[in-house]
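Chemist: structure, please.
(2 chains)
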Number of protein chains: 2
Amino acid sequence: MKGSDSMIKIAIDAMGGDYLCQTTVPACMEAVKEYKDLELVLYGDEKQIKPLLTNSERITIVHTEKYVDMGEHNPVSYIRRNKDASLCMAMQSAHDGVAQAVVSAGPTQCVVCGAHLIIRKLHQIGRVGLCPIVPSYDKRGRLMLDVGANVELRPEHIRDLAYFATTISREILHVPNPRVGLLNIGTEPGKGREVDQETYKMLDEDPLINFYGNVETKDILTSPCDIFVTDGFTGNMVMKTVEGTAKTMGDMLKQEIKSSLGGIIGYLFMHKALKRFKKRLDSSEVGGAMIVGVPVPVVKAHGSSNAYAFKNAIGQARMMVETDLINKVIAKLPKKDEENEAL
Amino acid sequence: MKGSDSMIKIAIDAMGGDYLCQTTVPACMEAVKEYKDLELVLYGDEKQIKPLLTNSERITIVHTEKYVDMGEHNPVSYIRRNKDASLCMAMQSAHDGVAQAVVSAGPTQCVVCGAHLIIRKLHQIGRVGLCPIVPSYDKRGRLMLDVGANVELRPEHIRDLAYFATTISREILHVPNPRVGLLNIGTEPGKGREVDQETYKMLDEDPLINFYGNVETKDILTSPCDIFVTDGFTGNMVMKTVEGTAKTMGDMLKQEIKSSLGGIIGYLFMHKALKRFKKRLDSSEVGGAMIVGVPVPVVKAHGSSNAYAFKNAIGQARMMVETDLINKVIAKLPKKDEENEAL
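Modeler: Okay, here's the model as predicted:
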């Protein structure tokens, strides 16, 4: 929801990601240039941020020296013990209503735990989920969740995440009636593990979900679905397989082109086509993964984001505020009490 | 094991696959041309096979009109009720010791069930597994299993499959000391579901397995591992994600090249490089997926195999017989009785 003065204030974990403030600060300056209604609060080390901040219009710094190491192995305990880390302070400001959204390129599990423990989960929803936009190979984005906020999920948790994703798809990606597919090892009903079979039934019967049925992962980039749902273990495996396969194929293509004169000459003629090809695959166009199930938009940018990708992640968070996304989701969620009464 | 006359006899489900005997028959003729020690028995419809069989040297036909439909939904009941289908008869001949291996491009679950119910599982191993060779992007094949013979697996089942794959990797892919990786959502021990955590411990402590540790799927095509293990649901999802991503990227590249004059001219110069690129990704070079855990080599070729791919699947089955693979695996397997005594 926009503030009374119509400005959107976003908390930035300026020290998250592989390049710390080297990328976040230039990204923030680009973002305020692009969006005139944007105010950014950077949480991080003033000594490192200030020299990079050549334009501080609508950008303020809240100083803290502590930040999460990208290799942090124990997110829950870290978040509990380090309330003064840049990530935690950014989350706290969102919890307190000072900021309307949070963006961080910090380690995934820490961002998820931070959102869960500091901002806190919506009581209407069973689990927090991690929801990236799958790169738009056919020029339209698809949502996939959960990709790793939870290792295992029950059918009703997956259904709750599908409610959330349906609203995100409608409001952010402008799909009028988003189709939800269940990732599975075959297309027929009755395929998969017990959890998949039960989830199938639940989604199929739910009037709030436009259920497409099972989707095999060989169709993940070409499926007519707008949303893919599965448990966090499977989603993580699938997401990273797409990532790894795409990267390796890109590297192989480069190798093959460089290994002959014909390849090099050919490249000179077709480098525009190859550039377009790369752009279609580039996840930096898309923004980041959304943390779904908390009352404030939180966007987790890729750890290796460059300034362009991080700026897009800020743009995505801004869009989530502007469309009043979370309240629209909450309005659609079945009331938990009613559901309990019905049992 | 080779027969006394040093010939290798393989049973072919001539009617399996999308193109029935249109591809299997030419493939068989190519295979006997390439391997002088090969005898093939084709199970299928004589009326359809004979007109295609222009060279029947070392090729015989056993006639049956029945064959499995590629869309068969109930494999277990189908196999039980249709002993006279070409697939079942080929399996039966391997069970009876008439043939030393089986090759089929029929529907995966039917081939798995056929091997399990007709040839029957080795008693030393807990579950039958499906084990493809992941296309050799970096010019070496890797094994992955289980990719769908079982939906769920217990840690000891995954370990048994790892024993099998270790011997296959050594004997067929000539890797002296194959490294086994556990597919997981992170590299540190303790990652994943309970089954993954227990499997990690079991593999780590096993002296017969050269355990590498957890492998994330973003590294699936570049990992130093020779073997990936996981349960059948996850393996299936990952395998099909690789397949789908590679195919979509190839299609996209073609689109981009065709969409501009520079792209077309460039293609003329670099089409050799692009052809090499395609060849590196082509699973038809590799052969098929092996059914692991039965006493006879069974190779499941891709349903859409062309003659070249099906010939390579026959070559793979022949190699498994020639290297006496199954007996080498059995010799390495811990005796189940000894294991029980140790408990």
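Chemist: partner residues bridging the residue nearest to the spatial centre of chain A?
Modeler: Nearest to the mean C-alpha position of chain A, by Cα atoms, centre = their mean, lies A:Ala289 at 1.0 Å. For A:Ala289, the beta-bridge partners under DSSP bridges are A:Lys300.
Chemist: host element of A:Gly186?
Modeler: According to DSSP states H and E, A:Gly186 maps onto no helix or strand at all.
Chemist: state the distance from it to B:Gln109.
Modeler: 9 Å (Cβ to Cβ, to the nearest Å). (Glycine included, C-beta is placed from N, CA and C.)
Chemist: try A:Thr230
Modeler: 21 Å.
Chemist: also A:Leu143?
Modeler: A:Leu143 is 30 Å from B:Gln109, by Cβ to Cβ.
Chemist: pretty sure A:Val103 contacts A:Ile10?
Modeler: Yes. Contact criterion Cβ atoms under 8 Å: A:Val103 and A:Ile10 qualify, at 6.2 Å.
Chemist: shared neighbours, the two?
Modeler: Common contact partners of A:Val103 and A:Ile10 (Cβ atoms under 8 Å, 6 or more residues apart in numbering or on different chains): A:Ile314, A:Ala317.
Chemist: which one of these two has more residues nearby?
Modeler: More neighbours surround A:Val103 than the other of A:Val103 and A:Ile10, with 34 against 27 (other Cβ atoms under 10 Å in any protein chain shown).
Chemist: give me the phi and psi angles of that one.
Modeler: A:Val103 has phi and psi values of phi -130, psi 130 when expressed as degrees, to the nearest 10.
Chemist: repeat that for A:Leu143.
Modeler: phi -100, psi 140.
Chemist: quick check: bridge partners of it?
Modeler: A:Ile133, A:Ile227.
Chemist: so who does it touch?
Modeler: With the criterion set at Cβ under 8 Å, 6+ apart, A:Leu143 makes contact with A:Cys131, A:Pro132, A:Ile133, A:Val134, A:Ala165, A:Ile168, A:Ser169, A:Leu173, A:Asp226, A:Ile227, A:Phe228.
Chemist: pull the CA atoms of the helix or strand hosting A:Tyr43 into CSV?
Modeler: In this structure, A:Tyr43 sits in strand A:38-44 according to DSSP H and E. Taking Å, rounded to 0.1, in the frame of the first residue of the first chain, the C-alpha atoms of strand A:38-44 are listed here in CSV:
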residue,chain,number,x,y,z
LEU,A,38,10.6,5.7,-4.8
GLU,A,39,12.5,6.3,-1.5
LEU,A,40,15.2,3.9,-0.5
VAL,A,41,16.7,3.3,2.9
LEU,A,42,20.1,1.5,2.7
TYR,A,43,21.1,-0.6,5.7
GLY,A,44,24.8,-1.1,5.8
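Chemist: that one: partners in the sheet, and parallel or antiparallel?
Modeler: Applying DSSP bridges, you get strand A:8-13 (parallel), strand A:59-63 (parallel) as the partners of strand A:38-44.
Chemist: now those strands as CSV including distance to A:Thr199 and mean pLDDT?
Modeler: Below are those laid out as CSV (distance: least, Cβ to Cβ, whole Å; pLDDT from 0 to 100):
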stretch, distance to A:Thr199, mean pLDDT
strand A:8-13, 33, 98
strand A:59-63, 42, 97
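Chemist: so which of the ones you listed is nearest A:Phe277?
Modeler: strand A:8-13 (32.0 Å; Cβ to Cβ).
Chemist: alpha carbons of the helix or strand following that closest one, as PDB, please.
Modeler: Scanning forward in sequence from strand A:8-13 by DSSP H and E, the next helix or strand is helix A:21-34. These are the backbone C-alpha positions of helix A:21-34, laid out as PDB (Å, rounded to 0.1, in the frame of the first residue of the first chain):
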ATOM      1  CA  CYS A  21      27.500  -2.400  -1.800                       C
ATOM      2  CA  GLN A  22      29.500  -2.400  -5.100                       C
ATOM      3  CA  THR A  23      26.400  -3.400  -6.900                       C
ATOM      4  CA  THR A  24      23.600  -2.400  -4.600                       C
ATOM      5  CA  VAL A  25      24.500   1.300  -4.400                       C
ATOM      6  CA  PRO A  26      24.700   1.900  -8.200                       C
ATOM      7  CA  ALA A  27      21.500  -0.100  -8.500                       C
ATOM      8  CA  CYS A  28      19.700   2.100  -6.000                       C
ATOM      9  CA  MET A  29      20.800   5.300  -7.800                       C
ATOM     10  CA  GLU A  30      19.400   3.900 -11.000                       C
ATOM     11  CA  ALA A  31      16.200   2.900  -9.400                       C
ATOM     12  CA  VAL A  32      15.400   6.300  -7.900                       C
ATOM     13  CA  LYS A  33      16.200   7.800 -11.400                       C
ATOM     14  CA  GLU A  34      13.700   5.400 -13.000                       C
END
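Chemist: about what we covered before: looking only at neighbour counts, state which of A:Thr230 and B:Gln109 leads.
Modeler: Set A:Thr230 next to B:Gln109 and count neighbours by other Cβ under 10 Å: A:Thr230 wins out with 29 against 21.
Chemist: nearest residue to the more buried one other than its sequence neighbours?
Modeler: Nearest non-adjacent residue to A:Thr230, counting by Cβ to Cβ, 6 or more residues apart in numbering or on different chains: A:Leu183, 4.1 Å away.
Chemist: the residue nearest to the centre of chain A reaches A:Val299, doesn't it?
Modeler: Yes. Using Cβ under 8 Å, A:Ala289 is in contact with A:Val299, at 7.3 Å.
Chemist: and for the two, which residues touch both?
Modeler: With Cβ under 8 Å, 6+ apart, A:Ala289 and A:Val299 have no common neighbours.
Chemist: pop the domain breakdown of chain A in here.
Modeler: Following automatic domain parsing, chain A resolves into domains at A:1-125+A:293-343, A:135-283.
Chemist: where does pLDDT dip in the stretch 151-300 of chain A?
Modeler: Within the stretch 151-300 of chain A, the stretches with pLDDT under 70 are A:280-286.
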